[in-house]
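**Q** sequence and predicted structure are below.
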Amino acid sequence: MTALPSDSILMRHGVRRGEVAWLLLAVACAFVFPEYLSVGTSVLVMVILVLSFDLLLGFSGVLSFGHAIFFGLGAYVAGWLSLAGWTEPISAVLLAGLAAALLALVLGPFVLRLTGLPLLMVTLALGVLVFEAAHKATGLTGGDDGLSGIRIAPVLGVFDWGLGGRTGYVYVLAWGVLIFALLKRVVSSPFGVALQGIRENPGRMRLIGNAVLPHLVLAYAISAAVAGMAGALFTQSNAFVGLGVFALDTSVDVLVMLILGGIGSLHGALIGAPLYMLLKHFSSQWNPFYWMLLIGVLLIAVVMFGRGGALGIARHAWQGLRGGRR
Amino acid sequence: MSALAFILLYGISYGLVLCLIALGLVITMGLMRIVNLAHGAFAAMGGYLAITLMQQQGWPYAPAVAAAVVGVAAIGVLTERLLYVRLYQRPELDQVLVTIGFNFVVIGVFTLLFGPNVLSITLPPALKGNVDLGFREFEVYRLMTAAICVGVIGVLWWIFERTLVGAKLRAAVDNRTMAQAMGINVPLLLSATFALGCALAALGGALGAPMLPMEPMWPLKYLVLVLVVVALSGHGQVRASVGVAMIVGIAETAGRYLFPQFGAFFIYLLLIALMVWRQDGLFVPRRAAGVA
């Protein structure tokens, strides 16, 4: 077998310095801001959700406005499992991911036939439909009150959840690292390269003998599985799940986070979610009006002037600095 | 029998308002081929502007609605010149993102100016009563709105299908360079068309304010319904969008009347089914759709 050139997409699965720095920073945050651990945990959950969305939009070119379906399903599966007495957290996360992946396998063959605007609208309508259904099915979802009284057993039978949120933070961070590593493997595999080919030109991929729809359905299922796992982590770290997980806002938030961070590299998710949550936290302390205005202006500015998001701007500045030194 | 009459009357008048707003989007999205998710924002601007003129300036109903339409058309031209011109050659995703961002900005401004609550429009006494249609009573307001919608839709159909303006616009969108070479002022044509789309949105928003009440989230809340009408009517088809809007209006009214506990559930189920079944449009023959 011939050796691959070192710059091949298939070789892009090594650990990079920036990724290690991010992990160190995330661990440091737990020590520097112990009073913000619960906020930090919800940021990490969103990081995982945005990672799943990047596989779909950034690598496969599928623009979906219904990603909250899978996040919400995962969140409720974790809630139902706990209320049914299944309190072991790790297997619950895996089961939630499996449930979301199965739903994606059912929906995918219908939804992914569509492209562009019809796809966007069908996923949007699906999101609204699921939210309405969850709202009516009060027996299953608890309606407006949500499901409370969720109890989670200690992680690995050792780490109790009560210690000021530190267990939750480290637990979600560990899942995040694992999922990031797996997704990086996926996008740098031959399958991932095929997805990027479909994103660039589905017609040509079909002509050179690739089955476009099965590839997209599989990517949809993987993305849904990760989104479902993020949902389960949301439920476990909050010990509560409400209808908000299905809201259209969640689907839109995820899209905005990904664009702000930078699309199509998995790294954008690591930056976009914390950036968005920080901005939201500080600007809504003034006035919710500023938040909508700020996010709207930022979104327009990033698309019009800085295509790569925060990541692209940082990379540009870094290259400018290095170029200046030479 | 009375249930059927109720569903048909309310469904058709509601569908006509939807159709008016959707036609604005058929123009900006179907004919100009730009994914304009900010269409609802222009419709809501029309509604808010009319209410403001009536409540704060004491204008009568008709001039307030007319002024709102002209005002929003002017805002539309400004937005097109400053923002949308940069989007025509961009990929779909960029258009989606920028117009969503525009929605957020508009929602933020609405919240600042009008507060987070629903604002209702006060109808003049002449429109408040009921009129006897022979088989049942019906609101004067809805009858007048339906009549205006029918008139406007008729004029639009005539402009786009029967005059040179429509042909020029289709030429400009299909082959911009060639149209320009033929002496068509493409930038002016596109600005004027966008203004028309925004004016229709504003008219629908202002006329429909009693049916679709004004609130800051309006631009996103009613976007799905309008978008689906446009998608199901195929690209830039005026007649088809009238048909689709009627189906959507009647189906939603029927759903809410017959199964009130399910709310908007059925309409979305119907829409998804129709979209997956016929993604190129309801009234587009399958073979023709494949070629286009």
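**A** Received it, and whenever you're ready, just let me know what you need.

**Q** next, residue B:214: phi, psi?
**A** phi -70, psi 130 (degrees, to the nearest 10).

**Q** you'd agree residue B:131 is in a helix?
**A** No. Assigned with DSSP: H, G, I helix; E, B strand; the rest coil, residue B:131 falls outside any helix and is strand.

**Q** let me see the contact set for it.
**A** B:137-140, B:143 (C-beta atoms under 8 Å, 6 or more residues apart in numbering or on different chains). From N, CA and C alone the C-beta is placed, and that goes for glycine too.

**Q** same thing but 7 Å
**A** B:138, B:140, B:143 (C-beta atoms under 7 Å, 6 or more residues apart in numbering or on different chains).

**Q** where helices are concerned, which of these count?
**A** B:140, B:143 (DSSP state H).

**Q** can I get the contacts of residue B:131 in TSV with neighbour count?
**A** As requested, the contacts of residue B:131 are exported to TSV (neighbours: other C-beta atoms under 10 Å in any protein chain shown):
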residue	neighbour count
B:138	18
B:140	15
B:143	16
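
**Q** which one of the contacts of residue B:131 is nearest to residue A:266?
**A** residue B:143 (57.4 Å; C-beta to C-beta).

**Q** near chain B, which residues of the stretch 101-250 of chain A? Just list them.
**A** Applying C-beta under 7 Å from any C-beta of the partner chain, we find that the stretch 101-250 of chain A lies next to chain B at A:110, A:114, A:116-118, A:120-122, A:124-126, A:128-129, A:132-133, A:136.

**Q** return the members of those residues classed as buried.
**A** A:110, A:114, A:117-118, A:120-122, A:124-126, A:128-129, A:132-133 (16 or more other C-beta atoms under 10 Å in any protein chain shown).

**Q** among these, which ones are in strands?
**A** Among those, DSSP state E puts none in strands.

**Q** taking those residues one by one, which sit in helices?
**A** A:110, A:117-118, A:120-122, A:124-126, A:128-129, A:132-133.

**Q** show me which pair in those is furthest apart.
**A** Every pair of those checked by C-beta to C-beta; the farthest is A:117 and A:133, at 24.3 Å.

**Q** which residue packs closest to residue B:48, ignoring adjacent ones?
**A** residue B:214 (5.7 Å; C-beta to C-beta, 6 or more residues apart in numbering or on different chains).

**Q** OK, contacts around that neighbour?
**A** With C-beta under 7 Å, 6+ apart, residue B:214 has these contacts: B:44, B:47-48, B:51, B:118-119.

**Q** any chance of JSON lines for these, columns pLDDT and secondary structure?
**A** Listed next are these as JSON lines, based on pLDDT from 0 to 100; DSSP: H, G, I helix; E, B strand; the rest coil:
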{"residue": "B:44", "pLDDT": "92", "secondary structure": "helix"}
{"residue": "B:47", "pLDDT": "91", "secondary structure": "helix"}
{"residue": "B:48", "pLDDT": "92", "secondary structure": "helix"}
{"residue": "B:51", "pLDDT": "89", "secondary structure": "helix"}
{"residue": "B:118", "pLDDT": "82", "secondary structure": "coil"}
{"residue": "B:119", "pLDDT": "81", "secondary structure": "strand"}
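
**Q** dump these to TSV, plus neighbour count.
**A** Shown next, in TSV, are the contacts of residue B:214 (neighbours: other C-beta under 10 Å):
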residue	neighbour count
B:44	30
B:47	28
B:48	27
B:51	20
B:118	11
B:119	18
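
**Q** of these, closest to residue A:197?
**A** Among those, and counting by C-beta to C-beta, the member closest to residue A:197 is residue B:44, at 41.0 Å.

**Q** would you confirm that the closest one contacts residue B:218?
**A** Yes. At 4.0 Å, residue B:44 and residue B:218 qualify as touching, with contact defined as C-beta atoms under 7 Å.

**Q** run through the stretch 1-150 of chain A and note the low-pLDDT ranges.
**A** Scanning the stretch 1-150 of chain A with the threshold set as pLDDT under 70 gives A:1-13.

**Q** show me where it has helices.
**A** For the stretch 1-150 of chain A, helices defined by DSSP state H, counting those that start in this stretch occupy the ranges A:17-32, A:37-53, A:68-83, A:89-111, A:116-136, A:138-141.

**Q** in the shortest one, what counts as buried?
**A** Neighbour counts using 16+ other C-beta under 10 Å place residue A:141 of helix A:138-141 among the buried residues.

**Q** after it comes which helix or strand?
**A** Using DSSP states H and E, the helix or strand that directly follows helix A:138-141 along the chain is helix A:166-187.

**Q** list the buried ones in that following helix?
**A** A:166-173, A:175-176, A:179-180, A:183-184, A:186-187.

**Q** so what touches that helix?
**A** A:13, A:23, A:26, A:30, A:37, A:40-41, A:44-45, A:47-48, A:51, A:55, A:59, A:93, A:155, A:159-161, A:192, A:222, A:226, A:229, A:233, A:237, A:266.

**Q** still on that earlier bit, please name the bridge partners of the residue nearest to residue B:48.
**A** residue B:119 (DSSP bridges).

**Q** do you know the pLDDT at it?
**A** Looking at residue B:214, its pLDDT reads 86.

**Q** could you do residue A:234 as well?
**A** Reported pLDDT for residue A:234: 92.

**Q** you'd agree residue B:22 is up against residue B:229?
**A** Yes. Residue B:22 lies in contact with residue B:229 (C-beta under 7 Å); the separation is 3.9 Å.

**Q** so between the two, which is more surrounded?
**A** residue B:22 (31 against 28; other C-beta atoms under 10 Å in any protein chain shown).

**Q** give the other helices and strands that the helix or strand containing that one contacts.
**A** Take DSSP H and E as the rule and residue B:22 turns out to sit in helix B:2-25. With contacts taken as 3 or more C-beta pairs under 7 Å, 6 or more residues apart in numbering or on different chains; DSSP states H and E, helix B:2-25 sits against helix B:39-56, helix B:140-162, helix B:186-207, helix B:223-232, helix B:238-258.

**Q** coming back round to it: where's the residue nearest to residue B:48 relative to residue A:69, distance?
**A** 30 Å (C-beta to C-beta, to the nearest Å).

**Q** what's in contact with stretch A:14-27?
**A** Contacts of stretch A:14-27 (C-beta under 7 Å, 6+ apart): A:173, A:177, A:267, A:270.

**Q** and that stretch, how far from the chain's centre?
**A** 18 Å (C-alpha atoms, centre = their mean, to the nearest Å).

**Q** pull out the buried positions in that stretch.
**A** By 16+ other C-beta under 10 Å, the buried positions in stretch A:14-27 come out as A:19, A:22-23, A:26.

**Q** before we move on, what about stretch B:76-83?
**A** Buried residues in stretch B:76-83 (16+ other C-beta under 10 Å): B:76, B:79-80, B:83.

**Q** for that stretch, what is the average pLDDT?
**A** Rounded mean pLDDT across stretch B:76-83 is 91.

**Q** using CSV, write out every CA atom in it.
**A** The C-alpha coordinates for stretch B:76-83 follow below in CSV (Å, rounded to 0.1, in the frame of the first residue of the first chain):
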residue,chain,number,x,y,z
GLY,B,76,-37.0,47.5,1.5
VAL,B,77,-35.1,49.5,-1.2
LEU,B,78,-32.6,50.7,1.4
THR,B,79,-32.0,47.1,2.7
GLU,B,80,-31.7,45.8,-0.9
ARG,B,81,-29.1,48.4,-1.8
LEU,B,82,-27.1,48.0,1.4
LEU,B,83,-27.4,44.3,2.1
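
**Q** mutual contacts of residue B:22 and residue B:229, please.
**A** By the contact definition C-beta under 7 Å, 6+ apart, residue B:22 and residue B:229 are jointly contacted by B:241, B:245.

**Q** now what about stretch B:155-164, what contacts it?
**A** So stretch B:155-164 is in contact with B:23, B:165-166, B:238-239, going by C-beta under 7 Å, 6+ apart.

**Q** thanks a lot, see you next time.
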